[in-house]
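In: how would this look folded up:
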Amino acid sequence: MRLRLATALAVTLLGLTAWPATAAPNFHLFDQRGRMVSLSEFAGKPVVIYFWTSWSGRAASELAWLQSHRPRDIVLLAVNESVTEEAPASVKEGVEAMHLRIPVLFDDLGEAAHTLGIRELPGLVALDASHRVAYRHTGALNRAVIQEAVRAAVPVRAPGTGLGPASPRPA
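Out: Reported below is the predicted structural model:
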């Protein structure tokens, strides 16, 4: 009992959450070109979603790291939550200055973050190929957090990704 309580407390304090295997609700958000993008467009693919604000000093470095270390078999979405706090043109200029090659979506009202259980920023949600929530984290990112999110989304790693659990070797 004490171990379970201590584990729950540590998980809460660190912002790590094992999420029940429920299907993520579909959402529709605009990208930086004004195109409507929905989660269902990525059906059958694992998805890692990074929720961030443009005024966060670490967001640019976390996005760059995520972009450069993302396994090829995972869809990475960057969802900006600061459009209501800043002029949309200003946010879009900042996104363009980061030279991101991943989809950047704008969650003007925070609805996607809220429906996926993100209450603090930055936040990270990993969905498996069936789009069940496999992992959720709030707070600063580090390599261990990102690796755990990838492991949750893709239980067996693809060769050469360097992330995720190792595939069993043939006997």
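In: Which residue ranges of this protein form helices?
Out: Along the chain, counting by DSSP state H, helices occupy 2-14, 59-69, 88-97, 111-115, 143-153.
In: just for the protein, where's the confidence low?
Out: Scanning the chain for pLDDT under 70 picks out 1-21, 83-88, 156-171.
In: Let me see the ranges of the strands in it.
Out: Taking DSSP state E to define them, one finds strands in the chain at 16-17, 28-31, 36-38, 47-52, 75-80, 104-106, 123-127, 133-138.
In: Put together JSON lines for those, with mean neighbour count and distance to Val95 on each row.
Out: For glycine as for every other residue, the C-beta is placed from the backbone atoms N, C-alpha and C. Formatted as JSON lines, these follow (neighbours: other CB atoms under 10 Å; distance: least, CB to CB, whole Å):
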{"stretch": "strand 16-17", "mean neighbour count": "16", "distance to Val95": "28"}
{"stretch": "strand 28-31", "mean neighbour count": "16", "distance to Val95": "10"}
{"stretch": "strand 36-38", "mean neighbour count": "13", "distance to Val95": "14"}
{"stretch": "strand 47-52", "mean neighbour count": "24", "distance to Val95": "10"}
{"stretch": "strand 75-80", "mean neighbour count": "22", "distance to Val95": "7"}
{"stretch": "strand 104-106", "mean neighbour count": "23", "distance to Val95": "5"}
{"stretch": "strand 123-127", "mean neighbour count": "25", "distance to Val95": "18"}
{"stretch": "strand 133-138", "mean neighbour count": "22", "distance to Val95": "22"}
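In: Of the ones you listed, which is nearest Ala60?
Out: strand 47-52 (9.0 Å; CB to CB).
In: That closest one packs against which elements?
Out: helix 59-69, strand 75-80, helix 111-115, strand 123-127, helix 143-153 (3 or more CB pairs under 8 Å, 6 or more residues apart in numbering; DSSP states H and E).
In: And the helices of the chain: which comes nearest Ser38?
Out: Using CB to CB, the helices of the chain put helix 111-115 closest to Ser38, at 10.3 Å.
In: Give me the nearest residue to Ser38, chain neighbours excluded.
Out: His28 (4.6 Å; CB to CB, 6 or more residues apart in numbering).
In: And that neighbour, how far from Asp73?
Out: 24 Å (CB to CB, to the nearest Å).
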